[in-house]
Structure formats: structure tokens, C-alpha cells
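> no sequence for this one, just the structure:
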């Protein structure tokens, strides 16, 4: 285990971005949590091959170079894989793909959740641009991303959760709200309160994402909502300038954590 003072350096001048800057992402089911550094959303793909390629191209067009998938293997095998297509479209750009298996409407073991959060934190601090997703990009994604925000910025976990909720509302296509289960809220509060780099699993990087396509007839219907697919971005896939941790940003306002909703499948 790497000691906290060896794993990270204190960043007292980092300020949580303003919600006004955390705009809609490249697809209608995505939104920026840290503009230019951390994007959260739904599975970046579609059943139709053309729309699948267009969706991946739009995500890459925002400078994404690191994908973090939070879908369990049994569910993931039914999706149209994006890893190979993303590598093809990215050309010479180096892409990283990480994977933490989390069952829908549940949470990972704390050590896995810490590993996921700290893998993302290390990537962001290294200048990578991350896309974190599950199926709908709400429950599992909200849990891990709230932990990331709390540990990265050293803020109260309640504020990190509120930031995720508020930025999530910027999406033009939403199905559920975070949290989708009491356990997700509890884990986000518990692990988000810990010091960056601390706890079992924090020093471990997530494994590499492995993807294989299952039966086409079993593909889920929720990927990208109707009307969210636009034309493939024009021009090159060059990575956009990293603008994640601006010292000019202003913090969000503290607010109450939303009540638990009645979830719908696929988030």
C-alpha cells in the first residue's frame, strides 16, 4: 500500500468547477463533471453500426482518451463493443480502457470502488480526459464519480454528490436520478469522505477492459436516446486542450441531496 503522502500531493488551490461550466456532453445522455477532464454518461454506443460509430466518434471528438466502464461482465456481453472501434477511429492517439464490474443498482466492494475512483483521479491529474460510464450513466457512475470528486478536491461528500446531481441535470435525455439505491448513497458518503489515496485498494489500478459481443438479439435498448445521435464530427480527432483544473473556477453551492427515486432498469 502506498502511503497517502507518497501517493498524492496536496492541491489546496484546486476548486470544484462551477455547475454553470459543467455542460451537456457530446451525447444527450452525458455531462461534464470537470470540463475537459471528467465526463460521465451512458454506454457510448448503439445497436446500429452506423450510429455506433457516430456515437464513439462524438465522444472521441471531445478529447476523451480514457474510458472507465462500470458494467458487470454478464450485462456487458450484450452490448455492441466500442473498444476496437474507438481505437480504429482514434488513429495514433493512445487510448486507455479500464473496467470495474458492478452489478446494476448495487455497489462494488469498497476496495474496488476505491481502485476505480483513484484510477480516475490519477488519470485526471496526469492530464488524461476520462469518460466514466455504466449503462445509463447514473447509479453506478454517480457513485464512483461522487467519490472521485470528494477525494480529488477534498470537499465534503455531500457537496460532491450535489455536484454530480446538478451537473447530471444538464443532460437532455435522463431516465433516473442519483442515487438509485440507498447503498450507492452510503458508499459515496463513506468513501468520498476519505483522504485521497487512502484505504484498501486505492493504490491499485483497475484492470483493462475486455469486450466481446454477445447475441445481437439480446442487445439492450437503452444506449443513446432518440434524437441524440448527430452527424459524425468533422475534422480530425486531435485531443482538445486539457482545461480540467482551472484555478479560476468557482465552487458550487452546497445543497440537499436528492431523495431516493424509484429506479428504472438500465442505469
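That came in fine, so what should we check first? Model, not experiment: these values are computed from the prediction.
> Are we agreed that residue 131 is in a strand?
Yes. Under DSSP: H, G, I helix; E, B strand; the rest coil, residue 131 falls within a strand.
> Show me what it is bridged to.
Beta-bridge pairing for residue 131 (DSSP bridges): residue 39, residue 67.
> Which pLDDT value does the model give it?
Residue 131 carries a pLDDT value of 98.
> so how many other residues sit close to it?
Number of residues near residue 131 (other Cβ atoms under 10 Å) recorded here: 25. Just so you know, the C-beta spots here come from the backbone N, C-alpha and C atoms, and that holds for glycine as well.
> hang on, isn't it packed against residue 41?
Yes. Between residue 131 and residue 41 there is a contact at 6.8 Å, judged by Cβ atoms under 8 Å.
> anything in contact with each of the two?
Residues touching both residue 131 and residue 41 (Cβ atoms under 8 Å, 6 or more residues apart in numbering): residue 30.
> Could you pull up the mean pLDDT of the helix or strand that contains residue 146?
Assigned by DSSP states H and E, residue 146 belongs to helix 139-153. Taken as a whole, helix 139-153 has a mean pLDDT of 98.
> Which neighbouring elements make contact with it?
Here helix 139-153 touches strand 30-34, strand 38-41, helix 110-125, strand 130-133, helix 157-168, helix 182-192, going by 3 or more Cβ pairs under 8 Å, 6 or more residues apart in numbering; DSSP states H and E.
> That one to helix 182-192, inter-axis angle?
If you take axes from the mean of the first three to the mean of the last three Cα atoms, to 10 degrees, helix 139-153 sits at 20 degrees to helix 182-192.
> Under the pLDDT cut-off, which ranges of the protein? List them.
1-13, 212-267 (pLDDT under 70).
> do that again at 50, thanks
1-12, 215-244, 246-255, 259-263, 265 (pLDDT under 50).
> ok, now which ones touch residue 190?
The neighbourhood of residue 190, defined by Cβ under 8 Å, 6+ apart, consists of 110, 157.
> For stretch 129-137, buried residues please.
For stretch 129-137, burial by neighbour count (16 or more other Cβ atoms under 10 Å) applies to 129-137.
> same question, stretch 96-109
Buried, per 16+ other Cβ under 10 Å, within stretch 96-109: 96-102, 104-105, 107-108.
> Same question for stretch 76-96.
Residues of stretch 76-96 classed as buried: 76, 79-83, 85-86, 89-90, 93, 96 (neighbour count, 16+ other Cβ under 10 Å).
> ditto for stretch 175-189
So, applying 16+ other Cβ under 10 Å, buried residues of stretch 175-189: 175-181, 184-185, 187-189.
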